[in-house]
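Student: whatever this is, show me its structure:
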Amino acid sequence: YDHVLVERTILWYLLLGGRLIDGAHVYLNHRAIGKGIKAAEERGIPREEIFLTTKLYPSSFGYNTTLDTVPKWLEQLSLEYLDLVLLHTPSRFPGVEYISQECNERKLSKKECRIETWRALSKLREQGIIRNIGVSNFNVKHMMELQDLEGVAPIAVNQFQFGPWSPESSYQTFEHCRRTNVVVTAYNSLGSYTHKNLTHDFEVLKELGKKHDKSVAQILLRWAIQLQAVVIPGTGNPDHMKENLEVYSFELDPEDMTSIQLLRSEDVSGKFIIMDLNDLH
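Tutor: Residues are numbered from 1 along each chain as shown. Below you'll find the predicted structure:
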């Protein structure tokens, strides 16, 4: 990441009215995000209005490692608290080795490692330096491992890829989140950086764009929002930021929502690269 660009992007976004910032430990841009937030505060935007999310990667899982790591992020960000910290992934992404020195040395299973990490995050939440804790890329089984625990904080959020073309595992996880009062944060709602142009191959989306005088991107974001998901479209372009923030100016009809849902059956949907949550172990 270009740290100057990250700082400016954060500032532009906040000045335009955005308030949710999504980051992660492995992005190595905490300092730049913190500078962007500070610059926005200096221009009159209260810290209390900003909601900052970051994520703990499996290489930093483990009870003691987590307790040591998260406070260092606050120093990097120059902040007093984090609004939300997520477990970035249950153990590893496909093709990436799972590494956690503490859990390896203690000979913990991946499940035990996740639970120990969750207990540490719960303790940090009790201390007040984290306001909420959640997960990312967790399927139903992984969520229930934590939801069955006693004496720990509840899962506030599950962040995962979600769009009309998502596989069945994503929809199953979405429904489980809804039943258990967990907020869904959808990433890659527009098809990801490498596949976003595919969204224009759906005639239905283009027709709905004309109907509502909105872009295909706005239609997709609005669809997810009306399903009560939080969306985090990433962009460094101020014009796109404005467009994304205008999705609250219209509403899709029930028949619009249904027609978008049916896009899963179209051939174009098979061209998107979507991670199956059940492939994570």
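Student: going by C-alpha atoms from here, please, whenever you check contacts or count neighbours.
Tutor: Noted.
Student: I would like the residues contacting the longest helix along the chain, please.
Tutor: Counting by DSSP state H, the longest helix found in the chain is helix 110-127. The contact list for helix 110-127 (Cα atoms under 8 Å, 6 or more residues apart in numbering) reads 61-64, 66-67, 90-91, 103, 130-133, 145-146, 152-153.
Student: again with stretch 234-248
Tutor: In contact with stretch 234-248 (Cα under 8 Å, 6+ apart) are residues 5-6, 9, 12-13, 16-18, 217-219, 221-222, 233.
Student: where are the low-confidence patches of this protein?
Tutor: The model of the chain has pLDDT under 70 over residues 92-99, 192-195.
Student: so which residues of it form helices?
Tutor: So, for the chain - with DSSP H - the helices run 3-15, 30-42, 63-77, 101-105, 110-127, 140-147, 168-179, 203-212, 216-226, 238-245, 254-261.
Student: now do the buried residues in the shortest one.
Tutor: Pointing back at helix 101-105 there. Across helix 101-105, burial judged by 16 or more other Cα atoms under 10 Å covers Glu102, Cys103.
Student: what does the longest one give?
Tutor: By 16+ other Cα under 10 Å, the buried positions in helix 110-127 come out as 110, 113-125.
Student: just to revisit the earlier point, let me have the helices of the chain in TSV, adding distance to Thr54 as columns.
Tutor: Below are the helices of the chain laid out as TSV (distance: least, Cα to Cα, whole Å):
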stretch	distance to Thr54
helix 3-15	14
helix 30-42	9
helix 63-77	9
helix 101-105	21
helix 110-127	13
helix 140-147	19
helix 168-179	20
helix 203-212	32
helix 216-226	21
helix 238-245	20
helix 254-261	30
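Student: with respect to Met275, which of those helices lies nearest?
Tutor: Among these, helix 168-179 comes nearest to Met275, with 9.0 Å by Cα to Cα.
Student: which elements pack onto the closest one?
Tutor: helix 140-147, strand 157-161, strand 183-187 (3 or more Cα pairs under 8 Å, 6 or more residues apart in numbering; DSSP states H and E).
Student: give me that answer again for 7 Å
Tutor: Helix 168-179 sits against strand 183-187, with contacts defined as 3 or more Cα pairs under 7 Å, 6 or more residues apart in numbering; DSSP states H and E.
Student: adjacent strands (with direction) for the strand it packs on?
Tutor: Using DSSP bridges, the strands paired with strand 183-187 are strand 157-161 (parallel), strand 230-231 (parallel).
Student: okay, these, which one's buried deepest?
Tutor: strand 157-161 (a mean of 24; mean count of other Cα atoms under 10 Å).
Student: can you give me the neighbour number for Asn139?
Tutor: Asn139: 26 surrounding residues under other Cα atoms under 10 Å.
Student: isn't it up against Met275?
Tutor: No. Contact criterion Cα atoms under 7 Å: Asn139 and Met275 do not qualify, at 11.2 Å.
Student: related to what we said a few turns ago, same list (the buried residues of helix 110-127) but as TSV, adding distance to Ser269.
Tutor: Converted to TSV, the buried residues of helix 110-127 look like this (distance: Cα to Cα, whole Å):
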residue	distance to Ser269
Lys110	32
Cys113	35
Arg114	33
Ile115	35
Glu116	38
Thr117	36
Trp118	35
Arg119	39
Ala120	39
Leu121	37
Ser122	39
Lys123	42
Leu124	41
Arg125	40
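Student: list just the nearest of these to Leu262.
Tutor: The nearest member of those to Leu262, counting by Cα to Cα, is Arg114 at 35.6 Å.
Student: that closest one and Ser259: what is the separation?
Tutor: 39 Å (Cα to Cα, to the nearest Å).
Student: for Val184, same thing?
Tutor: On the measure of Cα to Cα, Val184 and Ser259 end up 21 Å apart.
Student: okay, the two: which has more neighbours?
Tutor: Neighbours per residue (other Cα under 10 Å) separate Val184 from Ser259, with Val184 holding more: 26 against 15.
Student: what about Arg47, neighbour count?
Tutor: Other residues close to Arg47 by other Cα under 10 Å number 14.
Student: start the count at 25 instead of 1 going forward.
Tutor: Yep, numbering from 25; the last one is Arg71 now.
Student: dump the residue contacts of it.
Tutor: Arg71 sits next to Glu65 when contact means Cα atoms under 7 Å, 6 or more residues apart in numbering.
Student: for Gln183, find the nearest of the helices of the chain.
Tutor: Of the helices of the chain, nearest to Gln183 by Cα to Cα is helix 192-203, at 9.9 Å.
Student: fine by me, we can end here.
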